[in-house]
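1. everything below, folded, please.
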Amino acid sequence: MIVEEIMKKNVVTLQPDNTVAEAIQAMETHNIRHIPIIDNEAHLVGLVTISRLKEVTSSIFRTNENPDNLKKPVDSIMERNVIIGHPLDFVEEVAGIFYEHKISALPIIKDQELVGIITETDLLRTMVELTGAHQPGSQIEIRVPNISGVLSDIAGIIRNRHANILSVLIYPDKQDEHYKILVIRVQMMNPIELIQELKEAGHQVLWPNFPGISL
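-> Just a heads-up that it's a prediction; the model follows:
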């Protein structure tokens, strides 16, 4: 999946000479936490975040306090060294950028112009959709050797149960590099018989465990 598929395209922006008060009003009106600052050519020159506004004054959203701070232009408080992305970047790579740089929003630039923005909320929603966690189903975790053909074998067992696979995640086994963990979400509410077939085929099912039930 690429950034263009999940980014917000109707971005609320301000210009450098807009005031802090106007930034606050824009955030309240549009229920947002980040405002890209652009020049007359739609080139990104900075970013104002709700956390940056709170640094200006602890009572930033009380318009009757610190009136001088509210009159300041946003270019006096905006972040200037802004990390940016491109519409064709992969979402998983962007998630890595968020994690590595501890950022909460990423303006998206194409041909030097601002064309979108991605926030932590967008990434979280996308992860939920990709994993199928918002759909009814069951999650099964299986420890498998790191060799070819294992996933195909497991998918065949699931297919024989006429179950639909909603998502598949794979991560390494931290205790043994020769193994990996498959996290498979299937569209069935009672996976007991499927788990039994997986175990009979020699697969090590880590989850779910059913206390008192021998499978």
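2. CA atoms for contacts and neighbours, from now on please.
-> OK.
3. the bottom helix or strand of this protein by mean pLDDT?
-> helix 67-70 (a mean of 80; mean pLDDT, DSSP states H and E).
4. list the buried residues of that one.
-> Buried positions in helix 67-70, judged by neighbour count with 16 or more other C-alpha atoms under 10 Å: 69, 70.
5. elements contacting that helix?
-> helix 20-30 (3 or more C-alpha pairs under 8 Å, 6 or more residues apart in numbering; DSSP states H and E).
6. what about the strands in this protein?
-> With DSSP state E as the criterion, the chain has strands at 34-38, 44-49, 105-110, 113-119, 138-145, 165-172, 179-186, 204-207.
7. would you mind giving those strands as TSV with mean pLDDT and distance to residue 86 added?
-> Formatted as TSV, the strands of the chain follow (pLDDT from 0 to 100; distance: least, C-alpha to C-alpha, whole Å):
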stretch	mean pLDDT	distance to residue 86
strand 34-38	98	15
strand 44-49	97	13
strand 105-110	98	5
strand 113-119	97	9
strand 138-145	96	34
strand 165-172	93	25
strand 179-186	96	30
strand 204-207	94	38
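8. for residue 55, find the nearest of the ones you listed.
-> strand 44-49 (10.0 Å; C-alpha to C-alpha).
9. what's the closest one in contact with?
-> Contact with strand 44-49 is made by 23, 33-39, 74-75, 77-82, 112-114, as judged by C-alpha atoms under 8 Å, 6 or more residues apart in numbering.
10. also stretch 128-144?
-> Here stretch 128-144 makes contact (C-alpha under 8 Å, 6+ apart) with 150, 166-169, 173, 179-191, 203-208.
11. and the protein, what are its domains?
-> 3-127, 134-207 (automatic domain parsing).
12. ends of the first one, how far apart?
-> End-to-end distance for domain 3-127: 13 Å, by C-alpha to C-alpha, to the nearest Å.
13. what is the distance between it and the centre of its chain?
-> Mean-position distance between domain 3-127 and its chain equals 17 Å (C-alpha atoms, centre = their mean, to the nearest Å).
14. got any ranges where the chain has weak pLDDT?
-> 57-66, 210-215 (pLDDT under 70).
15. again, only using 80
-> 56-68, 209-215 (pLDDT under 80).
16. tell me the contacts of the spatially most central residue of it?
-> For the chain, the residue nearest the mean C-alpha position is residue 123 (1.8 Å; C-alpha atoms, centre = their mean). Neighbour list for residue 123: 91, 95 [criterion: C-alpha under 8 Å, 6+ apart].
17. how much space is there between it and residue 186?
-> 23 Å.
18. next: residue 54.
-> Look at residue 54 and residue 186: by C-alpha to C-alpha, they are 44 Å apart.
19. when the two are compared, which one has more neighbours?
-> residue 186 (22 against 12; other C-alpha atoms under 10 Å).
20. show me the contacts for that one.
-> 137, 138, 139, 140, 163, 164, 165, 166, 167.
21. could I get those residues as JSON lines with neighbour count and distance to residue 104?
-> Shown next, in JSON lines, are those (neighbours: other C-alpha atoms under 10 Å; distance: C-alpha to C-alpha, whole Å):
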{"residue": "137", "neighbour count": "18", "distance to residue 104": "31"}
{"residue": "138", "neighbour count": "18", "distance to residue 104": "31"}
{"residue": "139", "neighbour count": "20", "distance to residue 104": "29"}
{"residue": "140", "neighbour count": "19", "distance to residue 104": "31"}
{"residue": "163", "neighbour count": "15", "distance to residue 104": "38"}
{"residue": "164", "neighbour count": "14", "distance to residue 104": "35"}
{"residue": "165", "neighbour count": "17", "distance to residue 104": "32"}
{"residue": "166", "neighbour count": "20", "distance to residue 104": "28"}
{"residue": "167", "neighbour count": "16", "distance to residue 104": "26"}
